[in-house]
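Q: No letters, just coordinates:
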C-alpha cells in the first residue's frame, strides 16, 4: 500500500469544526478514489460511495429539488440501508463531473452539518458549461497529483526519518554523505523514468520491471487520448490530441517556448490556445510563463502568450519518447533531449509544492529555467542535467539583474559560491 500525503490533509479537514464539503480535483489515475475510500472506511461508521460513472442511475438522486432534505429522501430510495448518524456519516460523490446537479447541490448540502461530503472527479475542470451554479464559497478544495518524489522515496524504502536527515543537510547547506547522495541520485533517476502514477509505482516497487512500467504508462497515455476523443468538443478533439502529442518535440528544442507551428505549420494561438487550456484543465499539462522582468510580483510580470508546456508526470513523458530512452536515463545519459526531461521533472516537483511556474528568457542572450519566490525575493533556478554545470545565465541574472540569490540544481553535492547555491537535483523537493 502506497503512503500518500493527502491522508494528512483529509485528517486535518475532518478535524476542522468549520469544514465544508470537500472537493478533490486531479487527473485520472492519480489515486483519488483509493485514498478517499481508505480514509472514509477508517474514519466513519456510516460510509456511502456514489460513483456516477459506474452507476449512472444514481444521478437521479439529484434530479428535482436540491435541498438537503430532498436529497436525503432520494438517497434512502436508492440506498435503503442509508443511516444518518450525526457526525459519523460521510457520503463520497465519486466522478462528480458526470452529475452536474450534484456539483450544484454541494451549496445546499454544505448547510446541513449532520454529515460530511467529499466529492471527486478526474475532469472537473472541463465541464463548467454543464454546471448550472457553482457552489462558490461553500466548499473546501484540494488538488491531488501523482506521487511526488518524497512519496516515491517512501514507496522505495526511504522513510520520513531518512528524508528529514537529507532536509537537514539542505537547511544547513552541508554536503550529503557519499552513500546517501548516491542513493538519492539513483532514486531520482528511477523517479524520472517511473513517474508518480500510483499503479505504475506499485508495480515497479513490487517487480522492478521497466517493461511493465512502460506498458502501464502507455496504457494511461491511451486513456488520456480516449478522454480527449470523448470529452473534447467537435474539431477540438483532433487539435487537443495534436497538441498533446507535440509535447516531446516542443521540449526537444533549444528554446522550449511552445510553438504552434510545431503542431501545424499554419498553427496559431487563436486556433490552438483553447485546446491547450483544455489539456491543462484535464490535469495533463502545466504551463510555465515567461517573465518580462525577473521581479516580484511574478504573476504580474508574466507574459500571457509566451510559455513552455510540461507534462504533469515525467514518467508519462518518458514513455512517449523513442525506445531506449529509459535505459539512457538510468545509465546516466543525462543530456538526452537537451535536458528537457530534467526540466520537466523539476516543473512537476514545483507544481506539487503548490508553485506556479515561471521562467526568464531573452533570446540569444540568456535563459533561466525557472524563477521561484522564496519569502520576499525572486530566485533563479537552473537545472543542469549533464557534466557541464556552468551556469552563465544564472551568474548574469544575479549580477546584471541584481537578484539576491540563484540556485543551480545538478548531480553534484551541496556547495555555495557567492550568491549561487549548488544543490543536488533531488533537493528540489525542499524548495
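A: Perfect, I can see it now. The structure presented is a predicted model; accordingly, all values stated were derived computationally and were not measured.
Q: contacts, neighbours, all on C-alpha from now
A: Fine.
Q: how close does residue 321 sit to residue 264?
A: Counting by Cα to Cα, to the nearest Å, the gap from residue 321 to residue 264 is 20 Å.
Q: List the neighbouring strands of the lengthiest strand in the chain plus their orientation.
A: Once the chain is assigned using DSSP state E, the strand that runs over the most residues is strand 302-311. Counting by DSSP bridges, the strands paired with strand 302-311 are strand 285-291 (antiparallel).
Q: In terms of helices and strands, where is residue 205?
A: helix 198-207 (DSSP states H and E).
Q: Now do the lengthiest helix in the chain: everything it contacts.
A: Ordering each helix of the chain by length in residues (DSSP state H) puts helix 210-231 first. With Cα atoms under 8 Å, 6 or more residues apart in numbering as the test, helix 210-231 has contacts from 194, 199-201, 203-204, 237-238, 240-241, 315-316, 319-320.
Q: give me that answer again for 6 Å
A: Contact partners of helix 210-231, identified using Cα atoms under 6 Å, 6 or more residues apart in numbering, comprise 200, 237, 316, 319.
Q: how many neighbours does residue 88 have?
A: Residue 88 has 15 neighbouring residues, counting by other Cα atoms under 10 Å.
Q: how about the helices in the stretch 1-150 of the chain?
A: Taking DSSP state H, counting those that start in this stretch as the test, the helices found in the stretch 1-150 of the chain are 6-15, 32-43, 68-78, 100-109, 149-155.
Q: any idea of the mean pLDDT in the shortest one?
A: The average pLDDT for helix 149-155 rounds to 98.
Q: Determine how far that helix lies from the middle of the whole chain.
A: 15 Å (Cα atoms, centre = their mean, to the nearest Å).
Q: Could you do the second one as well?
A: What separates the centre of helix 32-43 from the centre of its chain is 20 Å, taken as Cα atoms, centre = their mean.
Q: What of stretch 406-426?
A: 25 Å.
Q: Show me what that stretch is in contact with.
A: Against stretch 406-426 from outside (Cα under 6 Å, 6+ apart): 175, 379-384, 405.
Q: TSV for the residues you listed, including pLDDT, distance to residue 47 and secondary structure?
A: What follows is the contacts of stretch 406-426, written out as TSV (pLDDT from 0 to 100; distance: Cα to Cα, whole Å; DSSP: H, G, I helix; E, B strand; the rest coil):
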residue	pLDDT	distance to residue 47	secondary structure
175	97	49	coil
379	97	46	strand
380	97	47	strand
381	97	46	strand
382	95	48	strand
383	94	46	strand
384	88	49	coil
405	94	50	coil
